[in-house]
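J.: One predicted model, sequence on top.
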Amino acid sequence: DVADEPPAPPSDDDTTAEHPPEASGSPRARVLGLPASAQPKLRERFLRLLCAASGALLEDDDCLVRVAVEHAYEGARGRVRVEVANASSSAIRDLRVDVFADDGRDAGEAPKLSVGITTDGGGAAELAPGARVVARVSATCRSPFVVPPELAVRFETRDAAGEVTRHAYALRLPVAATCFAAPDGFNARDVKAFRARWDDVGAVGGTEHQIVVSSRSPVDDKMLDDLRTRVVADALKGAPVKHADVSPFTITAASVVHATSGPVDVLLRLEANAAARAFRITVRSPSPDAAAAFKNVLQALLTSYYIM
């Protein structure tokens, strides 16, 4: 099937958390979630941050705070700096920033992604207009995961009459399994090695994800060169397979996800159909979660290439 609009990576929902977090404060105060007007741009910024080391995650005129992210990874561990700024004209109170891993594991299973957070200065009882607070997130990939962690930003405002409103913004941090990946030079060393591993993964019960997606942009040489560099090499950390692509309309690469449980290889092929403005994505990995995560990220970046 052709998917015109993919699920937001790397889950089947959008880049907000499925359930907004409860806000702290008075139980009698009304609670407001993220404004609907912020959703489209939030998704775009999430995707851009999968390809960039820093940038805005939440920056909308209808939102009372702005959120910027800077993230870096080494092996199976990542560090994320989250800056929350008061974008309103009044003070906000009881600001809390939390992070939760939502990796879909069954009860009793070890977490696939471990996360922790500390806030500089212990947080902010009151944040003046224009003031900022910084939270620092640590993330450890224990095994490949599909859903990125949730970032919960909660605070209170008070109007001139003293009425309190609680706000609860549920976001997704741009921390995907692809962030813990590196180029797999071993499986990409030549086309024979890649094909042997490709067949091996398919033969021993590994997972293959394949989907055809349409593009909103013309599929030409310039776009394909950009996909090789910014998407496959930078976002997916894919090592190009030597002599595998006899056609300029195919991209073949190999990545390895670093996890504390051990490295996991991911093999992918991207085949373009310029006339149909479409791509066929094929991802194979011995890990079902790794295959799903890479497919979801690549699918979303391709169908949203016009914003990149």
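T.: In hand now; what should we look at?
J.: Count the residues that sit near Gly121.
T.: Other residues within reach of Gly121 by the criterion other C-beta atoms under 10 Å amount to 8. From N, CA and C alone the C-beta is placed, and that goes for glycine too.
J.: list the contacts for Gly185?
T.: By C-beta atoms under 8 Å, 6 or more residues apart in numbering, the contact list for Gly185 reads Ala239.
J.: Okay, and it sits in which element?
T.: In this structure, Gly185 is located outside every helix and strand according to DSSP states H and E.
J.: For it, grab phi and psi.
T.: Main-chain torsions, Gly185, degrees, to the nearest 10: phi -70, psi -20.
J.: just the helices in the stretch 1-150 of the chain please.
T.: Along the stretch 1-150 of the chain, counting by DSSP state H, counting those that start in this stretch, helices occupy 39-50.
J.: again, but for the stretch 151-300 of the chain
T.: 191-203, 221-226, 288-303.
J.: Please spell out which residues along the shortest one are buried.
T.: In this case it means helix 221-226. Using 16 or more other C-beta atoms under 10 Å as the burial criterion, the residues of helix 221-226 that qualify are Met223, Leu224.
J.: Please tell me how far it is from the chain's geometric centre.
T.: A distance of 23 Å separates the centroid of the chain from that of helix 221-226, by C-alpha atoms, centre = their mean, to the nearest Å.
J.: Check stretch 296-308 too.
T.: Taking C-alpha atoms, centre = their mean, one finds the center of stretch 296-308 at 12 Å from the center of the full chain.
J.: what's the model's confidence in that stretch, averaged?
T.: Regarding stretch 296-308, the rounded mean pLDDT is 82.
J.: cool, stretch 166-184 as well?
T.: Confidence for stretch 166-184, expressed as mean pLDDT, is 96.
J.: end to end, how far does that stretch reach?
T.: 47 Å (C-alpha to C-alpha, to the nearest Å).
J.: Now that stretch: buried residues?
T.: Taking 16+ other C-beta under 10 Å as the criterion, stretch 166-184 shows 166-181, 183-184 as buried.
J.: Ok, stretch 135-143 next?
T.: By neighbour count on 16+ other C-beta under 10 Å, the buried set for stretch 135-143 is Ala135, Val137, Ala139, Thr140, Cys141, Arg142, Ser143.
J.: Adding distance to His209 and pLDDT, write those out as CSV.
T.: Output for those, formatted as CSV (distance: C-beta to C-beta, whole Å; pLDDT from 0 to 100):
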residue, distance to His209, pLDDT
Ala135, 34, 96
Val137, 28, 98
Ala139, 24, 98
Thr140, 25, 97
Cys141, 19, 97
Arg142, 22, 96
Ser143, 17, 95
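J.: The closest residue to Phe249 other than its chain neighbours: what's it in contact with?
T.: Excluding its sequence neighbours, the residue lying closest to Phe249 (C-beta to C-beta, 6 or more residues apart in numbering) is Ala272, at 4.2 Å. The contact partners of Ala272, by C-beta under 8 Å, 6+ apart, come to Val219, Leu224, Phe249, Thr250, Ala278, Phe279.
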